[in-house]
Structure formats: C-alpha cells, structure tokens
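A.B. asks: any chance you can model this:
(one chain, ligands or ions: 2)
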Amino acid sequence: MTEELIYTRPESLKEKKTHYCPGCGHGIIHKLLAEVMDELGIREEAIVVAPVGCSVLIYDYINADGIEAAHGRAPAVATGVKRVHPDKIVISYQGDGDLLAIGTGETIHAANRGENISVIFVNNAIYGMTGGQMAPTTMSEQITKTTPYGRDVEDVGYPIRACEMMNTLVAPVYIERTSIHDVKNIRKTKKAIKKALQNQMEGKGYSFVEILSTCPTNWGVAPVKAAQWVESAMVPYYPLGVFREEKEKI
Ligand SMILES: Cc1ncc(C[n+]2csc(CCOP(=O)(O)OP(=O)(O)O)c2C)c(N)n1
Ligand code: SF4
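C.D. replies: Ligands and ions are numbered 1, 2, ... in the order given. The predicted model follows:
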C-alpha cells in the first residue's frame, strides 16, 4: 500500500505549538493567511503588522517579516511601512478591540485615504486577551465581564457593523465579511484573504476583510457551541458577503 501525503504545513506558517485556546478562530485564520501567502509566493515580500490582543503573537506563527504596533495603531503603522516599502505586501491583522475601539480613528482614515494595504479584522465580539470585556462588536444582550446582565444597547450603544461603516467611504476597493464557523465559510474566508492580498499586489488600494470568529473561553462555551453561536447570533446581525469589489464611482 502506498501512502499519499495530503497535507503539509504551509511554509509561511512556523512550526510552533499554539498558545490559542481550543476552538479559537485566530489559529484557523493564521493558517489561512499562511496558505494564501504560499499560494501567492509572497512570503519574502510580506510584512505583517501585529495588533494588541490575543493575536499579538502572530509574529510567532507567520514565517515572514513583521512589526508590532501599539494598541489600535496598526493601520497607521501599516501606512508608514507601505509608503516606505511600496513593493512589500503589508497586512494589518487586528481584533475588534484593537480595530474598532482604540483604533477606530486610524482604521477609518487609512481606509479613507485608500492606502494600498490589506486589513484582516477578526471580530470575536469580545476583548479576548484582557479577560472578556465588552467590545464595540459585542452583541445586544451578550453577557461579558463588563456587561454581566447583558449588553444594554440603550446604555452603551449598538454593536458596530464595520463593513457597513467602511462601505460609506469612497476609497476602499474591496470590503467583505466572512466567517469561520464551518468548513464552507472557512474556504470562503481563504478566498477573501487571497483577494485582499491580490488587490494589493496589483496596486488597487485598500482592502478590508472582516471575519466573524470565536472566543470560546470568554464566551464561556465549548468550541462547537461557539461556532454554532457565530452562526445563530452573529451572522443574522453581521450579514456575510461582499460589500464592495471595486472603488465606488463618484
Ligand atoms: C491603549 C491601550 N488600551 C488598552 C489596552 C489593554 N488591552 C490589551 S488587549 C485588549 C483587548 C483586545 O481585544 P481584541 O482586539 O478584540 O482582540 P482579541 O484578544 O479578542 O483577539 C485591551 C483592552 C492596551 N494594551 N493599550
Ligand atoms: S481568549 Fe479568546 S481570542 Fe484569546 S486565545 Fe482564547 S479563545 Fe482565542
């Protein structure tokens, strides 16, 4: 009997034991990013901007150059890196606390300037790293450490839909929301990441991929339940799909 090797670790992914919790979406998304980098042959051209949050250690996993930004400042750092090194492929990888709380200003203005960068936004509806506080994307009535009776939208506002907000801007060329709650959607997510990187390689401009993800630990559920909750609670409020595929004509 001959044995066929059907899976190998992408070259762009380091051989490193994961620090992520079981069922965390970050590990899946890192692997997709690494696979896409291999497929596009850009491992040596890529510069990954690490956020503050659980994925701060992305530079321990992705086998490419990287730079760490202060909390929320990844789009500003990515802008600087890309402008100094226009031939590099600059990827800003951020969570919801990073991108949509402390970094909202940087996020909107980098998108509005149409920087030729690719932003991967991991929306797990909570602050993972710091122990599960409410994020801007926390769902209505969702229990977190800072909303023990559920998110009261009258008190703290409604969860922010990042893609819809981005879609009000003229400059972005590509805006899509995907999810990693099942295999079909993991595959779609990979395609979206690829498109965002290809756009940059072709000099098209700013691409934004929001990925609905899981944080079983801070949601207080097992991994399978976490994936089900993404589908049943998050997807209806955060609809999946392409919001923009090319620059809006004005
Ligand atoms: C200016 C600043 N404010 C707050 C913090 C504390 N802090 C570190 S990570 C984090 C939350 C990160 O959550 P998110 O971006 O959603 O990423 P996740 O851990 O869920 O992947 C916070 C509030 C900080 N490091 N710097
Ligand atoms: S706390 Fe949440 S986001 Fe952080 S590693 Fe664990 S599951 Fe992932």
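A.B. asks: how much space separates D87 from ligand 2?
C.D. replies: Distance from D87 to ligand 2, counting by CB to the nearest ligand atom, to the nearest Å: 33 Å. Bear in mind the C-beta positions are built from the backbone N, C-alpha and C, glycine included.
A.B. asks: do the same with I29
C.D. replies: I29 is 11 Å from ligand 2, by CB to the nearest ligand atom.
A.B. asks: name the helices or strands packed onto the helix or strand containing that residue?
C.D. replies: Assigning secondary structure by DSSP states H and E places I29 in helix 25-40. Applying 3 or more CB pairs under 8 Å, 6 or more residues apart in numbering; DSSP states H and E, one finds that helix 25-40 contacts strand 118-123, helix 183-201.
A.B. asks: quick check: angle from the first one to helix 25-40?
C.D. replies: What that stands for is strand 118-123. Taking axes from the mean of the first three to the mean of the last three CA atoms, to 10 degrees, one finds that strand 118-123 is oriented at 160 degrees with respect to helix 25-40.
A.B. asks: just to revisit the earlier point, show residues contacting the helix or strand following the helix holding I29.
C.D. replies: Going down the chain from helix 25-40, the next helix or strand is strand 46-50, by DSSP H and E. Residues from elsewhere that reach strand 46-50, judged by CB atoms under 8 Å, 6 or more residues apart in numbering: 12, 33, 37, 56-59, 62, 64-69, 74, 77-78, 81, 85, 88-93.
A.B. asks: need phi/psi at G53.
C.D. replies: Backbone torsions for G53, taken as degrees, to the nearest 10, come to phi 150, psi -170.
A.B. asks: try S207
C.D. replies: Dihedral angles of S207 (phi, psi; degrees, to the nearest 10) stand at phi -120, psi 140.
A.B. asks: quick revisit: for the helices and strands packed on helix 25-40, give me TSV that also has mean pLDDT and distance to ligand 1.
C.D. replies: Formatted as TSV, these follow (pLDDT from 0 to 100; distance: least, CB to the nearest ligand atom, whole Å):
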stretch	mean pLDDT	distance to ligand 1
strand 118-123	98	6
helix 183-201	98	16
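A.B. asks: ok, and which of these has the densest surroundings?
C.D. replies: strand 118-123 (a mean of 28; mean count of other CB atoms under 10 Å).
A.B. asks: for that one, name the packing helices and strands.
C.D. replies: helix 25-40, strand 89-95, helix 96-97, helix 104-113, helix 183-201, strand 207-212.
A.B. asks: for the ones you listed, which one sits closest to V156?
C.D. replies: helix 96-97 (14.2 Å; CB to CB).
A.B. asks: contacts for that closest one next, please.
C.D. replies: So helix 96-97 is contacted by 53, 71, 121-127, 129-130, 133, 135-137 (CB under 8 Å, 6+ apart).
A.B. asks: now, of the residues you listed, which are buried?
C.D. replies: Among the contacts of helix 96-97, those classed as buried by 16 or more other CB atoms under 10 Å are 53, 121-127, 129, 133, 135-137.
A.B. asks: what sits against P172?
C.D. replies: By CB under 8 Å, 6+ apart, the neighbours of P172 are A111, G114, M166, G205, Y206, S207, F208, R244, K247.
A.B. asks: good, we can wrap up now.
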